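**Student:** predicted coordinates and the sequence they were generated for:
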Amino acid sequence: MTDALTQRVRELTELVEPFGFDVKIDLGRDGVIHIASTEAPVEVSNEDKPASTTLQVSPATLEAILAGRQNVMSAYMFGKVRVKGDLDKVMALAKALTA
């Protein structure tokens, strides 16, 4: 499932301008998705690199967010997404991933 999620994130970030920071999406035992978005082109990988903002989310919740079935903020409010870093950056990321 991680490969499919990584590919979907890659597809969505190809459509946006860099948002100026790196993000790590921590999928727990399923690995990570790292988005390097400080300059074009945005790079998406499964390398576990440092990032200014980290989201902890299950693969199922991330899939629902990417498909538009789950709002990021409501997922955050219900504890389905945990944030380490700046919540404003999460909102910028949410716009990119739900475009």
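**Tutor:** Now that the structure is in, tell me what you want to look at.
**Student:** so who does Leu87 touch?
**Tutor:** By Cβ atoms under 8 Å, 6 or more residues apart in numbering, the contact set of Leu87 is Tyr76. C-betas here are computed from N, CA, C, even on glycine.
**Student:** what ranges does the protein have for its strands?
**Tutor:** Ranges of strands in the chain, per DSSP state E, are 21-26, 32-37, 43-45, 53-57, 81-84.
**Student:** tell me which residues of the last one are tucked away?
**Tutor:** Residues Val81 are the ones in strand 81-84 that count as buried (16 or more other Cβ atoms under 10 Å).
**Student:** over to the fourth one?
**Tutor:** Of all the residues in strand 53-57, those buried under the rule 16+ other Cβ under 10 Å are 53-55, 57.
**Student:** give me the nearest residue to the residue nearest the centre of the chain, chain neighbours excluded.
**Tutor:** Geometric centre of the chain, nearest residue: Ile25, 5.0 Å, by Cα atoms, centre = their mean. Distances taken as Cβ to Cβ, 6 or more residues apart in numbering place Ile33 nearest to Ile25, at 4.2 Å, with adjacent residues excluded.
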